[in-house]
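Enquirer: What would the 3D arrangement of this be:
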Amino acid sequence: MSASAEYLIIINGISILADAFRELRVAQSELDKIDEIAKDIENQRAENWKTTIRYADDVELIVSKKDKEICIEPADPKHPKALETVNKIKQVYSKIKVLNDLKKKGYDKVKEEKLPDGSIRFVVQKWQ
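Expert: Purely as a prediction, here's the structure:
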């Protein structure tokens, strides 16, 4: 895989992560940090990086790029609200990624259902 393809994958990951943060209503100033990181990567200046994002008043998350992967973790791994927030972000990130991938393949979301166990079920359709 070429370096430019790797950067596109990383930029796409950051874009999806930013969308997940937006859906969870993270402050604009925190989203601006993520956008700056994406610009640095696009200009191929940033290889590995790390930033802290404040979510709500008492939750800090660490977002980083390590070896071609975007990572998110609580600043305090013992903080229950931080762990819950990371799980929410991962779920929203996954939801957005799945919907984007389905859209690229020509599917449209018809219905979204949150199940009792916390998972999400999508009903999709594709018109021929």
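Enquirer: Any regions of the protein where pLDDT drops low?
Expert: 1-12, 25-31, 35, 37-47, 56-57, 67-68 (pLDDT under 70).
Enquirer: Centre-most residue in it?
Expert: Leu17 (2.0 Å; C-alpha atoms, centre = their mean).
Enquirer: For that residue, which residues are in contact?
Expert: With contact set as C-beta atoms under 8 Å, 6 or more residues apart in numbering, Leu17 has these partners: Ile34, Val63, Ile70, Ile72, Ile89, Tyr93. C-beta coordinates here come from the backbone N, C-alpha and C atoms, glycine included.
Enquirer: Among those, which ones are in strands?
Expert: Counting by DSSP state E, those place Val63, Ile70, Ile72 in strands.
Enquirer: one step back: where does the residue nearest to the centre of the chain sit, in terms of helix or strand?
Expert: helix 3-23 (DSSP states H and E).
Enquirer: Same question for Ile96.
Expert: Counting by DSSP H and E, Ile96 is found in helix 80-104.
Enquirer: can you list the residues that contact that helix?
Expert: Applying C-beta under 8 Å, 6+ apart, the set of residues contacting helix 80-104 is 16-17, 19-21, 23-24, 55-56, 58-61, 72-77, 109, 118, 120, 122, 124.
Enquirer: pretty sure Ala113 belongs to a strand, no?
Expert: If you look again at residue 113, you'll see it is Glu, not Ala. Yes: if the criterion is DSSP: H, G, I helix; E, B strand; the rest coil, then Glu113 is within a strand.
Enquirer: Perfect, that will be all.
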